[in-house]
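Student: coords please:
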Amino acid sequence: MTSAPPKRPWLPYAGLAVLLVLLGLGLRPRPAPVETARASFGPLRATVSEEGKTRIKQRYVVSSPVTGQLRRVPFKPGAAINAGDVVAVIEPMAASPLDPRSRALAEARRDSAVAALEKTRASYALAASELKRVEKMFNDRTVSPQDFESAQMRETAAAREVIAAEGALRSAVAELAVAGTDAAPALVEVRAPVAGRVLHVFQESERPVTAGTPLLDAGDPTDLEVVIELLSRDGAALTAGTRVELEQWGGPKPLEARVRLVEPAAFTKISALGVEEQRVNVVADITTPLAERAALGDNFRVEARVIVWESDKVLKVPVSSLFRRGAEWSAYVVRNGRAALVPVQAGRSSGTETQLTAGLNEGDEVILYPGDRVQDGDRVQPVKL
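Tutor: Residues are numbered from 1 along each chain as shown. Just a heads-up that it's a prediction; the model follows:
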């Protein structure tokens, strides 16, 4: 006769407990997957990027010194020239001959000018003599100071009339001399003021020109500088010697430059979005050797990156890990599988990374793009991209 199996009254309760544990584990929220990065030491620099353009430091505009007929300019843009080379030849305009009536009038003006000069000289001699007599009487205290001052004024006015009459006579004599000559005027040679290259020819063909007409531009294209239009608040923070990197100029490597001048006057410029901006010109000298930028010329476009601050070793994190919480910067740090809210102090930023001056240590794992899905104390699971 077999014995009955032992009874286990606790077994249903154990099964229920296991079921409740499994149910609790199933309902427990899963760790939120998050992207992370570690705080680390390394180089960092803050920059300002704007478009710029090159220009020749010393640019010369060669103009016509006289009015006349310009002969054809034999130079093309890019032609090499030396200081003193003849770059243009101008035949001055000859004076128009006077007809008999006009000549008679000119001679009459000359004779009138001679008579007027003799009259003014006589008046001056009389005024000077009177001044001497009044001065002697003034020293003897027989005339008043007002009489003495009046005599001085008459002598001064007579002297000025003599000067004006002499000028009128010279003008009349010159008019007759120029109009009466039949000799062809000598050709005027316009010479290059500097060694370099012809940049632009304004007047190439033979044609009449007036005095002051621009003929061509000349300069040394190897002596370049860069002009960068920065916002006035960015320009105010720069000093002479600030490093600049020039990119997108057409070469394989960025060019090096140094800020020489921040112009003292800003100007208003309308942005592409229609916003008024106060901008200032920043002038930088290119320090890269000429052999590495031989193809760069005048008025070329470049992308300028002005390095306003840099350091070889700072504690830094990605910009996407920081966010504002009230008036302070904060970040979420992964600690024991949970997100911990940590206030931090941020310093300089490169646009992708930010310097930290307090709050975190090297190696701390920060959460990127936390947004509203992560709260302090939530369980998180770092994922690899």
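Student: now the helices: where do they sit in the chain?
Tutor: Assigned by DSSP state H, the chain shows helices spanning 11-27, 100-139, 145-180, 232-235.
Student: of all those, which lies closest to residue 274?
Tutor: When the helices of the chain are compared by Cβ to Cβ, helix 232-235 sits nearest residue 274, at 18.6 Å. Quick note: C-beta positions are derived from backbone N, CA and C, even for glycine.
Student: Can you give the contact residues for the closest one?
Tutor: The contact list for helix 232-235 (Cβ atoms under 8 Å, 6 or more residues apart in numbering) reads 48, 262, 266, 278-280, 282, 306, 308.
Student: Can you tell me which of those comes closest to residue 122?
Tutor: Using Cβ to Cβ, those come closest to residue 122 at residue 266, 63.2 Å.
Student: In this structure that closest one contacts residue 277, no?
Tutor: No - Residue 266 lies out of contact with residue 277 (Cβ atoms under 8 Å); the separation is 9.5 Å.
Student: What is the least confident helix or strand in the chain?
Tutor: Within the chain, no helix or strand scores below helix 11-27, which has a mean of 63 by mean pLDDT, DSSP states H and E.
Student: what would the helices of the chain look like in JSON lines with mean neighbour count and distance to residue 192?
Tutor: Formatted as JSON lines, those follow (neighbours: other Cβ atoms under 10 Å; distance: least, Cβ to Cβ, whole Å):
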{"stretch": "helix 11-27", "mean neighbour count": "9", "distance to residue 192": "90"}
{"stretch": "helix 100-139", "mean neighbour count": "14", "distance to residue 192": "40"}
{"stretch": "helix 145-180", "mean neighbour count": "14", "distance to residue 192": "30"}
{"stretch": "helix 232-235", "mean neighbour count": "16", "distance to residue 192": "36"}
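Student: For residue 208, which of those helices is the nearest?
Tutor: Counting by Cβ to Cβ, residue 208 lies closest to helix 145-180 out of these; the figure is 19.3 Å.
Student: so how far is the closest one off the chain centroid?
Tutor: 52 Å (Cα atoms, centre = their mean, to the nearest Å).
Student: any idea of the angle it forms with helix 100-139?
Tutor: 160 degrees (axes from the mean of the first three to the mean of the last three Cα atoms, to 10 degrees).
Student: can you give me the mean pLDDT across helix 145-180?
Tutor: For helix 145-180, the mean pLDDT works out to 83.
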